[in-house]
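K.L.:
sequence? don't have it. structure:
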């Protein structure tokens, strides 16, 4: 910003100096140049002042704001994943089953009252799971074809639930909000606004209290969701991923699942792909979970797990089981 403003000032003052060497400037021209330089400096001071207010956005957003952002990010994940599997043989039962297992796990977390939503993406190529703020969790059809039992599925869901509970994406969003606010403040001051004036005013004034009404401004919501998704695509930090793995183990135990099933799934997954995309090395994740379980046993005594299967709901055949019944490959773990 300062370099941009200094170039403008230098151009004004430099032009005036060159004019003095060749022609005699009249008083009105000199006065006009000085007035323009004064406006530039005034706008620069305003930009600095407005940008400083943007630090107020470093606070966590209200739940309403989180839901708006989460919904926009969720729509992006669904589009990227080829849509949701809602129709076809066995799909309604699988979705009910997934939501029952997922909500049981989420109920064990520190954010049980979020409007948790779980869905299956049509993606049959990528072995992965995704989440977004507000309680949205998705698994690909390929992943469902690769898990061997409910406990392994619970491990994947617990990891994504943990990211939401720990607000890892919200941290990315907060960073996006601060940087966008500062860019808008500067752009507005020098006449290069990135969004319509009403949006700029909304963001900059929002810096006074650190919250935004995204539901009432689709342009702003789209811009912030785009910036947040760009950051999420780069992945969370190693510490955040390991933190989510430890919480996943905790949620599994609270719900009655054996967290060692999640470890087994991780060990079967190819390094660097699927659930390892943008994640720490597989051995680091496995060691992290096993160390956590050792601490739990040392604190609470030896624990045995019954390998809980969701009570009161018949588990529908998962994709790999349907394929096996049809005489195909039993499971796909790649």
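P.N.:
Nice, I can see it. As the structure is a computational prediction, the values presented were derived from the model and not from experiment.
K.L.:
C-alpha from now on. contacts and neighbour counts both.
P.N.:
Noted.
K.L.:
what ranges do the helices span in the stretch 51-200 of the chain?
P.N.:
With DSSP state H, counting those that start in this stretch as the definition, the stretch 51-200 of the chain shows helices at residue ranges 63-80, 91-106, 141-146, 150-165, 168-190, 197-206.
K.L.:
nearest to residue 243, out of the ones you listed?
P.N.:
Smallest distance to residue 243 across the helices of the stretch 51-200 of the chain (CA to CA): 8.2 Å, for helix 150-165.
K.L.:
who touches the closest one?
P.N.:
Counting by CA atoms under 8 Å, 6 or more residues apart in numbering, helix 150-165 makes contact with 101-102, 105-106, 109-111, 129-135, 137, 144, 147, 169, 244-245, 247-249, 251-252, 257-259, 261-262, 264-265, 307-309, all of which sit outside it.
K.L.:
now go through those and say which are in strands.
P.N.:
Here DSSP state E is the test, and the contacts of helix 150-165 give 129-132, 137 as lying in strands.
K.L.:
give me the domain ranges for the chain.
P.N.:
As given by automatic domain parsing, the domain ranges for the chain are 1-41, 63-168+237-325.
K.L.:
identify whichever of the helices of the stretch 51-200 of the chain lies nearest to residue 269.
P.N.:
It is, among the helices of the stretch 51-200 of the chain and with distance given as CA to CA, helix 141-146, at 9.3 Å.
K.L.:
now the closest one: mean pLDDT?
P.N.:
Helix 141-146 comes out with an average pLDDT of 93.
K.L.:
same check on stretch 218-227?
P.N.:
For stretch 218-227, mean pLDDT rounds to 90.
K.L.:
got it, and stretch 77-87?
P.N.:
For stretch 77-87, the mean confidence score works out to 93.
K.L.:
surely residue 215 forms part of a helix?
P.N.:
No. The assignment for residue 215, made by DSSP: H, G, I helix; E, B strand; the rest coil, is coil rather than a helix.
K.L.:
which non-adjacent residue is nearest it?
P.N.:
On the basis of CA to CA, 6 or more residues apart in numbering, the spatially nearest residue to residue 215 that is not a chain neighbour turns out to be residue 68, at 6.1 Å.
K.L.:
neighbours of the one you found, just the number please.
P.N.:
As a burial measure, residue 68 scores 20 neighbours (other CA atoms under 10 Å).
K.L.:
so who does it touch?
P.N.:
214-215, 221.
K.L.:
ChimeraX command for the buried members of these?
P.N.:
This is how ChimeraX selects the buried members of the contacts of residue 68, with burial counted by 16 or more other CA atoms under 10 Å:
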select :214,221
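K.L.:
format the contacts of residue 68 as TSV; extra columns: distance to residue 76.
P.N.:
Formatted as TSV, the contacts of residue 68 follow (distance: CA to CA, whole Å):
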residue	distance to residue 76
214	16
215	17
221	13
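K.L.:
quick one: the nearest residue to residue 132 once chain neighbours are set aside from residue 100, how far?
P.N.:
Spatial nearest neighbour of residue 132, chain neighbours left out: residue 70 (5.1 Å); criterion: CA to CA, 6+ apart. Distance, residue 70 to residue 100, by CA to CA, to the nearest Å: 21 Å.
K.L.:
more crowded one of the two?
P.N.:
Neighbours were tallied for residue 70 and for residue 100 using other CA under 10 Å; the higher tally belongs to residue 70 (22 against 17).
K.L.:
ok, now which ones touch the more buried one?
P.N.:
Under the criterion of CA under 8 Å, 6+ apart, the contact list for residue 70 reads 132-136.
K.L.:
7 Å - rerun?
P.N.:
The neighbours of residue 70, taking CA atoms under 7 Å, 6 or more residues apart in numbering as the test, are 132-134.
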